[in-house]
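Visitor: Please find the sequence and the predicted model below.
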Amino acid sequence: MFWLNRVDLFVRSSIFSLFMLMATIVHSFICLAAFPFPFRYRYKLVTAYTSAILWLLKVICHVDYQIEGLGNIPKNRSGVVLSKHQSTWETFFLQGLFHQAAIILKRELLWIPFFGWGLATIDPIAINRNDANGAMKQIITKGRKCLEAGRWILVFPEGTRISPGKVGKYRIGGARLATETGYPIIPVAHNAGCFWPKRSFIKTPGTIRVVIGSVIETQGRSAEEVLAQAKHWIEDTMKRLS
């Protein structure tokens with residue numbers, strides 16, 4: 001029975017990957033055609049795509065999700081989201097959860113054919129990690145403009161996907177943006193890596209749990225203090241999820 005189950009998972013994951021590849025290619029050309037249109041329409045195109053991918057994942061691979069703490073997201077202000085990064089899943093999910101989220105990412109991701117074209121559509125904050133000072137200035141300058149426009153900033157402070165049970169080095173950029181601008185931080189924890197692991201083809205059926213923490217105010221505080229508080233909450237919540 002074990003090998004039959006593994007075959008079933010492989011087949012489902014193969015079907016999902018094929019549909020996702022086809023959807024990504026088609027969507028990238030739609031995004032290119034939509035570049036002349038206002039940003040709000042381009043962002044809706046992207047969230048329609050990410051919602052479709054999450055729906056396919058649920059229908060084909062039986063990977064669903066549940067959210068705790070939705071009421072912690074302010075309705076009348078934007079801020080900086082500091083999220084655990086375990087999987088590709090949260091990059092899709094969080095874009096639809098937070099209003100017109102601008103994701104901080106390494107610029108090389110925009111060079112990936114098809115996928116990168118779609119990312120460029122939603123005007124992310126693409127940084128050069130080899131130039132730490134320049135990257136920080138770009139995060140502050142562009143991040144401030146996005147926040148003032150009512151957009152959320154999405155940051156994965158560990159910088160790369162971290163396997164379940166592991167803790168990466170939390171980088172200061174997102175916390176510094178929040179303290180420099182006075183906008184709040186929302187911490188997010190989830191266990192998506194247990195179902196859509198990094199560098200794994202197989203998607204494991206189950207329910208991803210997402211927990212949204214309370215607002216962390218940043219005015220008059222240091223970036224180090226704010227980051228430590230967010231990290232403590234995220235990692236304590238991850239222990240509960242595991």
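Guide: Received, thanks.

Visitor: need the next SSE after the lowest-mean-pLDDT helix or strand in the chain, C-terminal direction.
Guide: Among the helices and strands of the chain, helix 115-121 carries the lowest confidence by mean pLDDT, DSSP states H and E, at a mean of 79. Elements were assigned by DSSP states H and E; along the chain past helix 115-121, the next helix or strand is strand 125-127.

Visitor: Packing partners of that next one?
Guide: strand 102-106, helix 132-148 (3 or more CB pairs under 8 Å, 6 or more residues apart in numbering; DSSP states H and E). Yep, even glycine has a C-beta here, placed from its N, CA and C like the rest.

Visitor: which strands and helices sit next to the shortest one?
Guide: For strand 102-106, the contact count by 3+ CB pairs under 8 Å, 6+ apart identifies strand 125-127, helix 132-148, strand 153-155 as packing neighbours.

Visitor: Sheet-wise, list the partners of it with their directions.
Guide: With DSSP bridges as the test, strand 102-106 is paired with strand 125-127 (parallel), strand 153-155 (parallel).

Visitor: Would you mind telling me which of those strands is nearest Glu90?
Guide: strand 153-155 (9.1 Å; CB to CB).

Visitor: just checking, Ser214 touches Asn72?
Guide: Yes. Taking CB atoms under 8 Å as the definition, Ser214 is a contact partner of Asn72 at 5.2 Å.

Visitor: Kindly present the helices and strands packed on strand 125-127 as CSV, with separate columns for mean neighbour count, mean pLDDT and distance to Ile202.
Guide: Formatted as CSV, those follow (neighbours: other CB atoms under 10 Å; pLDDT from 0 to 100; distance: least, CB to CB, whole Å):
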stretch, mean neighbour count, mean pLDDT, distance to Ile202
strand 102-106, 21, 86, 25
helix 132-148, 16, 88, 35
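
Visitor: could these go into JSON lines alongside distance to Glu68?
Guide: Shown next, in JSON lines, are those (distance: least, CB to CB, whole Å):
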{"stretch": "strand 102-106", "distance to Glu68": "22"}
{"stretch": "helix 132-148", "distance to Glu68": "25"}
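
Visitor: I appreciate the help and will end here.
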